[in-house]
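Engineer: Sequence first, then the predicted structure, then my questions.
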Amino acid sequence: LAGDSDLHRRAERSALKRNLIGAAAAEEDLLTLENRIRREVQQAVQDYERAAEQTALDGRNLQLAGDRARLARRLFELGRGDNFTATDAEAELLRAQSRQLENESEVTVAAFRLKRVTGTLVESPDALKPRPPGPAVMGQVTP
């Protein structure tokens, strides 16, 4: 009894097809990862630009609030305005200063996020890091 079997060839073809499918899946995974990174970078750039634009607007608002506060104070000093207008203008000036500081911190955070996403954020050396405070002895500060 003799038979001509193609069993080894079928196993090899099957293994080749599995490997080709695995390679195609790995390539798809790589493309998906690349697109995700591209999206993250674009989002980080947009966040940074938006925060920088908002800081510029808040700088202008701060200037206007300062001018309004000076005008209201001057009118009050001349007796042509009331105390409520002056205090409202001062309160608005404080809110504008607070908004500007918040947005400046948002710009800084957005810049660091952009650096992290692009891979350019590096760890600072130990010499530049703040030192932990030394032990204090019953109210005495160590030099």
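Structural biologist: Sure thing, it's come through.

Engineer: Pull the contacting residues for the residue most central in space within the chain.
Structural biologist: A centroid search over the chain (Cα atoms, centre = their mean) returns residue 110, at 2.6 Å, as the residue closest to the centre. Applying Cβ atoms under 8 Å, 6 or more residues apart in numbering to residue 110 gives the contacts 44, 47, 48, 50, 51, 52. Quick note: C-beta positions are derived from backbone N, CA and C, even for glycine.

Engineer: State the pLDDT value of the closest residue to it other than its chain neighbours.
Structural biologist: Once flanking residues are discounted, residue 110 sits nearest to residue 48: 4.1 Å by Cβ to Cβ, 6 or more residues apart in numbering. On the pLDDT scale, residue 48 is placed at 95.

Engineer: Could you say which helix or strand holds residue 48?
Structural biologist: helix 7-77 (DSSP states H and E).

Engineer: Give me the next element, helix or strand, following that helix.
Structural biologist: In N-to-C order, the element after helix 7-77 by DSSP H and E is helix 83-118.

Engineer: list the buried ones in that next one?
Structural biologist: 85-86, 89, 92-93, 96, 99-100, 103-104, 106-107, 110-111, 113-114, 117 (16 or more other Cβ atoms under 10 Å).

Engineer: And the helix holding residue 48, what does it pack against?
Structural biologist: helix 83-118 (3 or more Cβ pairs under 8 Å, 6 or more residues apart in numbering; DSSP states H and E).

Engineer: ok, the residue nearest to the centre of the chain to residue 50 distance?
Structural biologist: 8 Å (Cβ to Cβ, to the nearest Å).
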